[in-house]
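[1] coords below, sequence missing:
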């Protein structure tokens, strides 16, 4: 493993220091990392260390160079915190071996970040099934990050910047990886208050929006239509929201907005058919698909998953391992590039606030 010495840490302090995990080495993580780093001048803007198997990365590089003519950064030019892999990894096959490897990369990156070696982590895509095959039962990387960072308040915020207008969509999920039939029971005033706290803190700290406007979705069609299509809005969601408005006079809280119309203004701001100021600064969706269907519809190739509530920055591309195309040279690195750039922005802003 490559260890950064104390003198090196001081010299690199002026630039954000990022740990970039390889993700599942059998997936497209190696490819999108090598492509993304070839497209941005990371040496001038920040310090990046790839956390993963150097041998695996070199093998991927050599294979990809034979498959296509795209630009890839040479692994020999990268700083790599080498994590040895004892078992054989087969490109395109996610299994216990690849799951154990990607889990080990995460453990090392989190441990090094906690002691101050890195300012943030950008994580390559992993396969939950491969983690489970390796004996690690976590719903995803977010939950592992929260556990190892020692936090109980955290959330999944999806960030995407429009290539048409520059407007930034920011969507937080109230519930994440749970079955749809469990969503209504999982949602409570306490849970939503915690998520709203996180979103407000994030918008103020990471995006410098002191008095944000936040749109909050309803749960049922037409937000329950006065109790005719579901009682959750009438029984607790609307009373909770009215209380939050009284408790947070400096925040504009819109809602509960019918889920089928909440995403109209974000779409218009994304494409420039309305002024971006007419859209909200943040959106709080109540369950996974309610938030991620519109996010991926608008920004499938450039959305970034950002973990908020952690003591350090963490971003990740909003796509999976794509085992079916791994090693073929056709994976799109746009989301990985966006994840790296957002991590740089957030880490720089936090550093400036501390300084």
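    Ah, there it is. None of these values were measured; they are calculated from a predicted model.

[2] where exactly do the helices run in the stretch 51-200 of the chain?
    Along the stretch 51-200 of the chain, the stretches classed as helices by DSSP state H, counting those that start in this stretch are 54-67, 96-114, 128-133, 141-149, 183-186, 189-205.

[3] in the stretch 51-200 of the chain, which ranges drop under the pLDDT threshold?
    For the stretch 51-200 of the chain, no stretch has pLDDT under 70.

[4] what about 80?
    Where the stretch 51-200 of the chain drops to pLDDT under 80, the residues are 69-70.

[5] circling back to that earlier point, highest average neighbour count across the helices of the stretch 51-200 of the chain?
    Using mean count of other Cβ atoms under 10 Å, the stretch among the helices of the stretch 51-200 of the chain with the largest mean neighbour count is helix 96-114, at a mean of 22. No exception for glycine: its C-beta is placed from N, CA and C like everyone else's.

[6] which helices and strands does that helix pack with?
    Applying 3 or more Cβ pairs under 8 Å, 6 or more residues apart in numbering; DSSP states H and E, we find helix 96-114 packed against strand 17-21, strand 47-52, strand 79-82, strand 120-123, helix 128-133, helix 141-149.

[7] angle of it against strand 17-21?
    Orientation check (axes from the mean of the first three to the mean of the last three Cα atoms, to 10 degrees): helix 96-114 against strand 17-21 gives 170 degrees.

[8] How are the strands of the stretch 251-355 of the chain distributed by residue range?
    With DSSP state E, counting those that start in this stretch, the ranges of strands along the stretch 251-355 of the chain come out as 252-257, 282-285, 304-308, 313-317.

[9] got the contact list for residue 201?
    For residue 201, the contacting residues are residue 308, by Cβ atoms under 8 Å, 6 or more residues apart in numbering.

[10] pLDDT averaged over stretch 267-286, what's the number?
    Averaged over stretch 267-286, pLDDT sits at 97.

[11] Show me which positions of that stretch end up buried.
    For stretch 267-286, the neighbour count (16 or more other Cβ atoms under 10 Å) marks 268-270, 274, 276, 279-286 as buried.

[12] centre of the chain versus it, how much separation?
    20 Å (Cα atoms, centre = their mean, to the nearest Å).

[13] And stretch 57-66, by the same measure?
    Mean C-alpha position of stretch 57-66 versus that of the full chain (Cα atoms, centre = their mean) differs by 26 Å.

[14] try stretch 325-342
    For stretch 325-342, the distance to the chain centre is 14 Å (Cα atoms, centre = their mean).

[15] which parts of it are buried?
    The neighbour-count check on stretch 325-342 (16+ other Cβ under 10 Å) flags 326-329, 331-342 as buried.

[16] my guess is residue 186 contacts residue 177, does it?
    No - taking contacts as Cβ atoms under 8 Å, residue 186 lies outside contact range of residue 177: 11.1 Å.

[17] for this protein, longest helix please?
    Ranked by residue count, the top helix of the chain under DSSP state H comes out as helix 334-354.

[18] Contacts for that helix next, please.
    16-18, 20, 32-33, 35-37, 39-40, 42, 45-46, 48, 119-122, 124, 159-161, 205-206, 208, 301-306, 313-319.

[19] Compute the first-to-last residue distance for stretch 168-188.
    With Cα to Cα, to the nearest Å as the measure, stretch 168-188 spans 28 Å from end to end.

[20] Give me the three-state assignment for the residue lying farthest from the centre of the chain.
    What lies farthest from the middle of the chain is residue 228; by Cα atoms, centre = their mean that is 36.5 Å. At residue 228 the chain is in coil, as set by DSSP: H, G, I helix; E, B strand; the rest coil.

[21] if we can go back for a sec, need the buried residues of stretch 267-286 in TSV (columns: distance to residue 198).
    TSV is the format used below for the buried residues of stretch 267-286 (distance: Cβ to Cβ, whole Å):
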residue	distance to residue 198
268	27
269	23
270	24
274	27
276	23
279	20
280	16
281	14
282	10
283	13
284	10
285	13
286	15
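
[22] from these, which is closest to residue 75?
    Using Cβ to Cβ, residue 270 is the member of those that lies nearest residue 75, at 36.0 Å.

[23] Next, the contact list for the closest one, please.
    Neighbour list for residue 270: 162, 164, 165, 167, 169, 298, 299 [criterion: Cβ under 8 Å, 6+ apart].

[24] Next: residue 20.
    33, 48, 49, 50, 51, 121, 122, 124, 340.

[25] Please repeat the previous calculation with a cut-off of 10 Å.
    Residue 20 makes contact with 29, 33, 36-37, 42, 48-52, 78-81, 105, 109, 118, 120-124, 336, 339-340, 343 under the criterion Cβ atoms under 10 Å, 6 or more residues apart in numbering.

[26] out of those, which are buried?
    Among the contacts of residue 20, the ones that count as buried (16+ other Cβ under 10 Å) are 29, 33, 36-37, 42, 48-52, 78, 80-81, 105, 109, 118, 120-124, 336, 339-340, 343.

[27] Number of residues surrounding residue 288?
    18 (other Cβ atoms under 10 Å).
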